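Undergrad: got a sequence here, can you model it:
(2 chains)
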Amino acid sequence: MKHRQRIRTITLGAIGIALFLALWELIGIRGWAGLTWPPLSTVLAFLFDPSRRPLFLRAMTASFSMIAFGYAIGLVLGLAAAALGHLVPPLRPGLDRLASIIHAIPTIALAPLFIVLLSRELTGMAIAALGVFFVIYVSATSGLAASSAAHRDLFQVFGTSRLTQLRRLDMPAALPALVSGMKYAVPAAFIGAILGEWFGSSRGLGLLMVSAMQNFQIPLLWSAVLIASTASLLIFGLMSLAERLAYERYR
Amino acid sequence: MSLVPAPVTAIHLDHISKSFTLDGGGTIAALGEVTLKIDKGEFVALLGPSGCGKSTILRLVAALEEPSTGAVTIEGRAPVELSRQHRLGVAFQDHALLPWLTIAQNVALPYQLAGKPVDKARVSALIALVGLAGFEAARPKQLSGGMRQRASIARALVLKPDVLLLDEPFGALDAVTRRQMNVELQRIWSEQRITTLLVTHAVDEALFLADRVVVMTGRPGKILKTVEVPFARPRHPDVTREPRFHELVDELTLALEPAGGHG
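TA: This next block holds a predicted model:
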């Protein structure tokens, strides 16, 4: 029953995506949205033209490494802050407030600061790290509090040390919430990194988008957007899979 | 009778009371003054309606709460010392098995919490004792409610605790499974004879399992009466069909009714 339902969900999803792509193609061919909306086939032909492979590969390498580093830094900082707040409860309110304040400041407003403090190249990474940090901190913090009262009582009666409880109860119980957080941090990392590249980085998909836009290179613009969106959706989908496994096993 | 050694007090509740502070600032008395001695190797059932403070007593013995007045001692020491030495075993109504561990890993968990090497032979022997042989690699989600409670009881016993605390361990089970679990727990307990405190609201469960039934009333919780259970061990399930058993069930059921009640 469950299996059949899943197949139905997947089939419906595939039909939805196919309809979306067909509509894209149709609008482009008929020119309903003007010159700036090329058909999907034109974009794909442009994207997969062998002569442009070095261009896209260079941009992807630059962007994806900034996204990956930004994600990793945000993840480590978010986990460390959540663990600190969990193990040293008096620090918790302060950390919560710090995280909310960081989140409340529009990252675009911080970008000029990063450009001055770090460099144009690293600004995207820094913005990505900030976005990821907040999502991870919030999800890890709520995850670390997710163990049930009965489990905590049990561990206490068995005379468990604080660290053993962290390892054997709090961390495994936090995993589902954390993996959800890691999923939602993926788009945050993409937004941060590409936004950062808009501010004058010399490489990356963000630069490609800005320069294509300014030079009216419509297929190039759409190609860069397509690469970024596809990559983000793909990783998001993989994380959803990991999320489902985590919920099945750890809840 | 002269061969029976003098009983040694294992658990001593010495004029304890417990009140909780409410959010609004008021206090509510969960336990009035309660004094109770449980001998080493004795099985005592605390019987009472919900909200009579019987679970509070168990939580005090488990060092999960502190009494407001009076003192709880186990073999002359504070309960928290025993829990730190990993000498308490506990099973709750919520089986509290960890969903990410297998049954064998769950039963072995107390060793890891105590920082001791896992005695694999003892883990499998206990799993067999509670009738879960063959389910070692299963996860809690794959088992029925009764099987999960068996695992939770095996886990409570694995470190050979000095005191076993059972807080309505079968409270969430259906009547048939519950009766079956009582028979099994009786068999297991008769082999180990650990000082045991059982909290329950089921009269027949208390009578079938315990050496002594302590009836409580709420609120604040107080001991109403104590009944010595006369049946020899090991007890056969047929005990529950004896006239004496029915008399005691009637007596305890009557005692549980609200004061002045006639029906």
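
Undergrad: neighbours of A:Leu75, just the number please.
TA: Applying other CB atoms under 10 Å in any protein chain shown, we find 21 residues neighbouring A:Leu75. Heads up, the C-betas are built off the backbone N, CA and C, glycines and all.

Undergrad: look up the closest residue to it, ignoring the ones flanking it.
TA: Distances taken as CB to CB, 6 or more residues apart in numbering or on different chains place A:Ile136 nearest to A:Leu75, at 5.4 Å, with adjacent residues excluded.

Undergrad: correct me, but that neighbour touches A:Ala177?
TA: No. Because the distance of 10.4 Å does not satisfy CB atoms under 8 Å, A:Ile136 is recorded as not touching A:Ala177.

Undergrad: coming back round to it: so the residue nearest to A:Leu75, which of the three states?
TA: Taken by DSSP: H, G, I helix; E, B strand; the rest coil, the conformation at A:Ile136 corresponds to helix.

Undergrad: B:Gly32 against B:Gly221, yeah?
TA: Yes. In this structure, B:Gly32 sits in contact with B:Gly221. The criterion is CB under 8 Å, and the distance is 6.3 Å.

Undergrad: report the helix or strand with the lowest average pLDDT across chain A.
TA: None of the helices or strands of chain A scores lower by mean pLDDT, DSSP states H and E than helix A:107-117, at a mean of 85.

Undergrad: again but with chain B, I slipped
TA: Among the helices and strands of chain B, helix B:175-192 carries the lowest confidence by mean pLDDT, DSSP H and E, at a mean of 87.

Undergrad: would you mark the buried spots in that helix?
TA: Of all the residues in helix B:175-192, those buried under the rule 16 or more other CB atoms under 10 Å in any protein chain shown are B:Thr177, B:Arg178, B:Arg179, B:Gln180, B:Met181, B:Asn182, B:Glu184, B:Leu185, B:Gln186, B:Arg187, B:Ile188, B:Trp189.

Undergrad: same check, this time on stretch A:78-96
TA: Applying a neighbour-count criterion of 16+ other CB under 10 Å, the buried positions in stretch A:78-96 are A:Gly78, A:Leu79, A:Ala81, A:Ala82, A:Ala83, A:Gly85, A:His86, A:Arg92, A:Leu95.

Undergrad: can you redo the residues you listed as CSV with distance to chain B, secondary structure and pLDDT?
TA: Rendered in CSV, the data for the buried residues of stretch A:78-96 read as follows (distance: CB to the nearest CB, whole Å; DSSP: H, G, I helix; E, B strand; the rest coil; pLDDT from 0 to 100):
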residue, distance to chain B, secondary structure, pLDDT
A:Gly78, 22, helix, 96
A:Leu79, 19, helix, 95
A:Ala81, 25, helix, 95
A:Ala82, 19, helix, 95
A:Ala83, 19, helix, 92
A:Gly85, 23, helix, 93
A:His86, 18, helix, 92
A:Arg92, 20, helix, 92
A:Leu95, 26, helix, 93
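
Undergrad: picking up where we left off before, so which of B:Gly32 and B:Gly221 has more stuff around it?
TA: Each of B:Gly32 and B:Gly221 has its neighbours counted (other CB under 10 Å); B:Gly221 has more, 25 against 18.

Undergrad: what's the closest non-adjacent residue to that one?
TA: Using CB to CB, 6+ apart, the nearest residue to B:Gly221 is B:Gly53, at 2.4 Å.

Undergrad: swap in B:Arg139?
TA: Of all residues not flanking B:Arg139 in the chain, B:Thr102 sits nearest, at 6.0 Å (CB to CB, 6+ apart).

Undergrad: count of neighbours near that neighbour?
TA: Neighbour count for B:Thr102, taken as other CB under 10 Å: 18.

Undergrad: which residues touch it?
TA: When contacts are counted by CB atoms under 8 Å, 6 or more residues apart in numbering or on different chains, B:Thr102 is found next to B:Glu136, B:Ala137, B:Ala138, B:Arg139.

Undergrad: could you point out which element follows the helix or strand hosting A:Lys183?
TA: Assigned by DSSP states H and E, A:Lys183 belongs to helix A:171-198. Following the chain from helix A:171-198 toward its C-terminal end, the next helix or strand by DSSP H and E is helix A:205-214.

Undergrad: give me the buried positions along that next one.
TA: By 16+ other CB under 10 Å, the buried positions in helix A:205-214 come out as A:Leu205, A:Gly206, A:Leu207, A:Leu208, A:Met209, A:Val210, A:Ala212.

Undergrad: same question, stretch B:13-31
TA: By neighbour count, with 16+ other CB under 10 Å as the criterion, the buried positions of stretch B:13-31 are B:Leu13, B:Ile16, B:Ser17, B:Lys18, B:Ser19, B:Ala30, B:Leu31.

Undergrad: ditto for stretch A:32-46
TA: Residues of stretch A:32-46 classed as buried under the neighbour-count rule (16+ other CB under 10 Å) are A:Trp37, A:Pro38, A:Pro39, A:Leu40, A:Thr42, A:Val43, A:Leu44, A:Phe46.

Undergrad: and stretch B:111-131, by the same measure?
TA: Neighbour-count burial for stretch B:111-131, with 16+ other CB under 10 Å as criterion, is recorded at B:111-114, B:118, B:122-124, B:126-127, B:129-131.

Undergrad: how much space separates B:Gly221 from chain A?
TA: Note on B:Gly221: its distance to chain A, by CB to the nearest CB, to the nearest Å, is 19 Å.

Undergrad: and B:Ala151, by the same measure?
TA: As for B:Ala151, its distance to chain A is 13 Å (criterion: CB to the nearest CB).

Undergrad: disregarding residues adjacent in the polypeptide, which is nearest to residue 208?
TA: Reading this off chain A. The shortest distance from A:Leu208 to any residue that is not its chain neighbour, by CB to CB, 6+ apart, is 4.3 Å, and that residue is A:Ala224.

Undergrad: my bad, chain B
TA: B:Asn182 is the one closest to B:Phe208 (CB to CB, 6+ apart), at 5.4 Å.

Undergrad: rewinding a little: give me the more crowded residue out of A:Ile136 and A:Ala177.
TA: A count of neighbours by other CB under 10 Å puts A:Ile136 above the other of A:Ile136 and A:Ala177, at 28 against 23.

Undergrad: how about that one, what does it touch?
TA: With contacts defined as CB under 8 Å, 6+ apart, the neighbours of A:Ile136 are A:Gly74, A:Leu75, A:Leu77, A:Gly78, A:Leu79, A:Ala82, A:Leu178, A:Gly181, A:Met182, A:Ala185.

Undergrad: over to B:Gly32?
TA: Taking CB under 8 Å, 6+ apart as the contact definition, B:Gly32 lies against B:Ser17, B:Pro220, B:Gly221, B:Lys222.

Undergrad: what does chain B put close to chain A?
TA: On the criterion CB under 8 Å from any CB of the partner chain, chain A has as its neighbours in chain B the residues B:62-64, B:83-86, B:88, B:90, B:92, B:94, B:96, B:98-100, B:109-110, B:112-115, B:159, B:165.

Undergrad: selecting buried members of these in PyMOL, what would you type?
TA: This is how PyMOL selects the buried members of the residues of chain B next to chain A, with burial counted by 16+ other CB under 10 Å:
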select buried, chain B and resi 62+63+64+83+84+86+88+90+92+94+96+98+100+109+110+112+113+114+159+165
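
Undergrad: now do the buried residues in stretch B:56-74.
TA: For stretch B:56-74, a neighbour-count test (16+ other CB under 10 Å) marks B:56-65, B:67, B:70, B:72-74 as buried.

Undergrad: out of these, which is nearest to A:Arg120?
TA: Sorting the buried residues of stretch B:56-74 by distance to A:Arg120 puts B:Leu64 at the head of the list, at 57.3 Å, by CB to CB.
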